[in-house]
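Undergrad: model the structure of this input:
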Amino acid sequence: MLLYDHKEIEAKWQKHWAENKTFNAVNNSDKPKFYALDMFPYPSGAGLHVGHPLGYIASDIVSRYKRHKGFNVLHPMGYDSFGLPAEQYAIQTGQHPAETTKTNIEGGTDKSGNEIAGYRNQMDRIGFSFDWDREVRTSSPDYYKYTQEIFIMLFESWYDKDADKAQPISLLESRFRESGTTTINAATEDDLRQFTAAQWNAFTDKEQQEILLDYRLTFLADTEVNWCPALGTVLANDEIVNGVSERGGHPVVRKKMRQWMMRISAFAERLLNDLDGLDWSESIKEIQRNWIGKSVGAMVSFQLDEHKIDVFTTRPDTIFGVTFMTLAPEHELVDVITTPAQQEAVEAYKKATAARSERERMADVKTISGVFTGAYATHPLSGEQVPVWIGDYVLAGYGTGAVMAVPCGDERDHAFANFFAGQEGMPAIKNIFDGVDISEEAYAAKDKTPLCNSDFLNGMSYKQAMAAAIAKLEEVGAGKGKTNYRLRDAVFSRQRYWGEPFPVYYKDGLPQMIDRKYLPIELPEVDEYLPTEDGAPPLGRATTWSWCTQENKVVSNEDDRDCVYPLELNTMPGWAGSSWYMFRYMDANNEGEMFSKEAQEYWENVDLYIGGSEHATGHLLYSRFWVKLLHDLGKVSVTEPFQKMINQGMILGQSAFVYRWEYGIEEKENRKPVFFSHDLIVKAVKEKTFIDEISDEARDVYDKLLSIHNGQSIWGSEASFNHFTPIHVDLSVIDDITNELDIEKFKNHVLNTDFKDALFVLSVGKYFVGREVEKMSKSKYNVVSPDDICDQYGADTLRLYEMFLGPLEQAKPWNTAGITGVYGFMKKLWKLYHNDAGFSVSDEKASPDSMKTLHKTIKKVQDDIENFSFNTSVSSFMIAVNELTQQKCNSREVLEPLAILISPYAPHIAEELWSLLGHNESISEASFPVFEEKHLVESSKTYPISFNGKMKFTLDLPVDVSKDELEKMVLENEKVQQQLEGKQIRKTIIVPGKIVNFVVG
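TA: From the prediction side, this is the model:
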């Protein structure tokens, strides 16, 4: 093959790798292990665009490099295939989510007639060295039966704070039988009932089960959730954007529902401390630290009639500065304590707050709103009456859902007090800081000013007052010192169909676990994927969804035997399956258990994890939580799932826009859309003028516009882009190099049926689109398919180009025009191994210059891969090929190791060259070239040879000779002799390594 044919080469080697299972890992090896993992994708029908493979290419480079370095590499891939998008598509089309998910992964035509490329096919085309025999799909019953098993483990565990670990619930029951609650220090709510061993043993079985529910690591609770009526489900905070659902943009309200919860808060301190041992970016660690939110302070109780309002505060030293209290609108006491006079205002405020998400309320620091409840609580130390308000800046799920407001020391409380100053229930701000003016702003400093107006705390510093206040609160029984965490227990229920069913049935209203040997409990068939008419989740539509404890199987709902009980109707959230998948890859084909002890102890945990930073508070936190549980129960030997993590940046799309002029005329019924070329708009806005070089048709349009505006310029004195509506254009109707719009293609495009009669104001006879760099998305029509790039330029070119765009962690814009340079490099690389007759590599010894080029490239590439600086490696390849071409190098001594060097980046061409070099085994089995510094040591130096200070020519002279030997060699040179002919040397100046100068006369 004389010319570089990427299609033939890539198809050949992809087939070879698949047939020979080249990249399959083994679970036992004398080689050191290396486990590289990518955050696995959700398989949508849209398939991959060029932004998706960025992280996969990086992990593949490292995986291939580690194989060359002698490691046993595990590099698997699978699919996070449960989720809301597939369910929404099922609702719209009536197709079962399992069918669409399978098609999206494997490719084909869906029932709507859409051609689906298939994630697997797309990834194979890019040449990833995945061990596909270990593929997992979270929606496969063979996989999610183990997700159900982990749920059972959580249900059958409690958190022992003394042992600082999760323990079997059977141990808790044993201790209850022996000593009641007297020796129990569990992670639970603070006010659980206390009982003796005798009382426990006297409880009925149902009473004991109800008590144990309060201790389990997964439990049922009535909690505030983000409810999306349009989607019929609860949403996590990260599924909400600007107060609406990320999927579909539907309104979201706060609502109380009975939900399964995960007691992740029990692990808060370990989740916080163990971050220190991880090789993650500080930014991701800091996000997790802030989300966990450790605070040291005190729990304080304010009495209100027979009720108690508990408040957590980090500043108990300021307790005498409490001016009012604020409760979250959802706080359980709001309805109880609100006076009749304030009832209407409170109800209206609660309703308005329910329409705002927690994230929106937390982010909105400018808006001040609240309502007085009419109630007063008693200050625990002064006995004064403190007015109680509600405000949406207080969240029910954070802390206790109540704050003691100290306006003199907190800026938000200060703003709230000033905003409502003079109204009923808002007294003047109390100042407890001696000599400080708090009329304009709060005083937030802790340890610089002694306290005043604070009874026994007067004159004390911050630290003194903290300790004294806590001691006093504990003495009077109104509080105690406490460490609090912002991290809240995770809502684990979803009112969806396409998710893992819970292995739970209900007996006498209490949840019972199905024995693990009967798992999986598979999703039932339903006629629709919508909630039922009475508001039950979609599984409420299933006719066969009850559990028979006698036959131990799912039976018809009409079965009225005493041994038949209703099954849980909710399903698990999307993060359930992704919280432990890294371990399943270790032993993916094990049918008897989720993974063997031997496999896990061999692979331990993930050595390199690559994925997006958007998962910092969701997936990463939950998977760390589950791994700690599995460790406590003896299922895994590690306490963290991902030792090193890199967050790849986003590849941005270059969107294209046409600009519709929104002129203000009365008769809009028959008006045609008018589009102005982008460059005309830019010039007109800048110069307040109009350009004459337009078509006659456009001139007619312009004249009409002038008449509408009484002959005045359509731009006026306020010419602005605001006069135009930018409309996304499909990239297929523009020239990617010139940005010229193909007007006829645009008019006839399926997306633009409203613009068939549109008029275009052209520039020099053409319409030029505008460009903007933004997130690559199908909705913005700026998606570039990797399939198209592979067809035109090849997968190796795609891989190199994505790495060449810039540092892995940074966002960078995609520009297809730039890929031609990398494709040119690929052809130049191919040509280096060929001459006009075909493949040509010599066994002759390489020149010192070629060896120098090779070894500086070995060092650079090795350092770059070790430091994840892939973009600079690509540059070094280009430099090396250029130098070797100039050197006319065709030596095997150089070209064979060069093929190995480039193999992690461009594996197909490397395999082909390796084969042409005479090797039968895959290049992946070859050892990485060893860097030898001696080849970079200069053996000669280029000296400028001067006469009377004027350089005449240069000479390459040895660097390891004495000054006298150097002078002798120069004088013997023929060129020097010619210059000296007939002249006398008056002085010789030699600076070793720099110059040689003869003073002659």
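Undergrad: all strands for the stretch 851-1000 of the chain, in order.
TA: With strands called from DSSP state E, counting those that start in this stretch, the stretch 851-1000 of the chain shows them at 940-947, 950-958, 985-991, 995-1000.
Undergrad: helix, strand, or coil at the nearest residue to residue 49 once chain neighbours are set aside?
TA: Excluding the flanking residues, the one nearest residue 49 by C-beta to C-beta, 6 or more residues apart in numbering is residue 783, at 4.2 Å. (Each C-beta comes from the backbone N, C-alpha and C, glycine too.) When classified by DSSP: H, G, I helix; E, B strand; the rest coil, residue 783 comes out as coil.
Undergrad: just give me the neighbour total for residue 783.
TA: Burial measure for residue 783: 20 neighbouring residues, criterion other C-beta atoms under 10 Å.
Undergrad: doesn't residue 48 make contact with it?
TA: No: contact criterion C-beta atoms under 8 Å: residue 783 and residue 48 do not qualify, at 9.4 Å.
Undergrad: and the next helix or strand past the helix or strand bottoming out on mean pLDDT in the chain?
TA: Within the chain, no helix or strand scores below helix 696-708, which has a mean of 55 by mean pLDDT, DSSP states H and E. Next along the chain after helix 696-708, taking DSSP states H and E as the criterion, comes strand 724-729.
Undergrad: which is the next helix or strand following that next one?
TA: Counting by DSSP H and E, what follows strand 724-729 is helix 743-748.
Undergrad: the helix or strand following that next one packs against which elements?
TA: Sequence-wise, the next helix or strand downstream of helix 743-748 (DSSP H and E) is strand 759-761. Applying 3 or more C-beta pairs under 8 Å, 6 or more residues apart in numbering; DSSP states H and E, one finds that strand 759-761 contacts strand 674-676, helix 696-708.
Undergrad: nearest spatial neighbour of residue 591, skipping sequence neighbours?
TA: According to C-beta to C-beta, 6+ apart, the nearest residue to residue 591 is residue 142 (7.7 Å).
Undergrad: element containing the one you found, please.
TA: Assigning secondary structure by DSSP H and E places residue 142 in helix 141-155.
Undergrad: so how far is that helix off the chain centroid?
TA: Here helix 141-155 shows a centroid-to-chain-centroid distance of 25 Å under the convention C-alpha atoms, centre = their mean, to the nearest Å.
Undergrad: only alpha carbons, please: show the lengthiest helix in the chain as CSV.
TA: In the chain, with assignment by DSSP state H, the single longest helix is helix 848-866. This file holds the C-alpha atoms of helix 848-866, laid out as CSV (Å, rounded to 0.1, in the frame of the first residue of the first chain):
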residue,chain,number,x,y,z
PRO,A,848,23.5,10.6,15.5
ASP,A,849,21.0,13.3,14.5
SER,A,850,18.2,10.8,14.0
MET,A,851,19.0,9.1,17.3
LYS,A,852,18.9,12.4,19.0
THR,A,853,15.5,13.2,17.5
LEU,A,854,14.2,9.8,18.6
HIS,A,855,15.4,10.0,22.2
LYS,A,856,14.3,13.5,22.8
THR,A,857,10.9,12.3,21.6
ILE,A,858,11.0,9.3,23.8
LYS,A,859,11.7,11.5,26.8
LYS,A,860,9.1,14.1,25.9
VAL,A,861,6.3,11.6,25.2
GLN,A,862,7.0,9.5,28.3
ASP,A,863,7.0,12.7,30.5
ASP,A,864,3.8,14.0,28.8
ILE,A,865,1.8,10.8,29.3
GLU,A,866,2.9,10.5,32.9
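Undergrad: in that helix, which residues are buried?
TA: By neighbour count with 16 or more other C-beta atoms under 10 Å, helix 848-866 contains the buried residues 850-862, 864-865.
Undergrad: check stretch 556-573 too.
TA: In stretch 556-573, counting by 16+ other C-beta under 10 Å, buried: 557, 564-565, 567-573.
Undergrad: show me the residues you listed that map onto helices.
TA: Among the buried residues of stretch 556-573, no member lies in helices (by DSSP H).
Undergrad: dump those residues to CSV, plus distance to residue 817 and pLDDT.
TA: Formatted as CSV, the buried residues of stretch 556-573 follow (distance: C-beta to C-beta, whole Å; pLDDT from 0 to 100):
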residue, distance to residue 817, pLDDT
557, 61, 96
564, 66, 98
565, 64, 98
567, 57, 98
568, 54, 98
569, 53, 96
570, 50, 95
571, 46, 97
572, 46, 97
573, 42, 94
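Undergrad: grab the two from these that are most spread out in space.
TA: Farthest pair in these (C-beta to C-beta) is 564 and 573. Separation: 28.0 Å.
Undergrad: how about residue 331, nearest residue that isn't a chain neighbour?
TA: Residue 331's closest residue in space is residue 401 (C-beta to C-beta, 6+ apart), at 4.6 Å.
Undergrad: surely that neighbour meets residue 333?
TA: No: assessed by C-beta under 8 Å, residue 401 is found out of contact with residue 333, at 9.0 Å.
Undergrad: need the overlap of contacts for the two.
TA: Jointly contacting residue 401 and residue 333 under the rule C-beta atoms under 8 Å, 6 or more residues apart in numbering are residue 327.
Undergrad: tell me which of these two has more neighbours.
TA: Between residue 401 and residue 333, residue 401 has the larger neighbour count (other C-beta under 10 Å), namely 23 against 18.
Undergrad: any idea how far the more buried one lies from residue 753?
TA: Applying C-beta to C-beta, to the nearest Å, the value for residue 401 to residue 753 is 52 Å.
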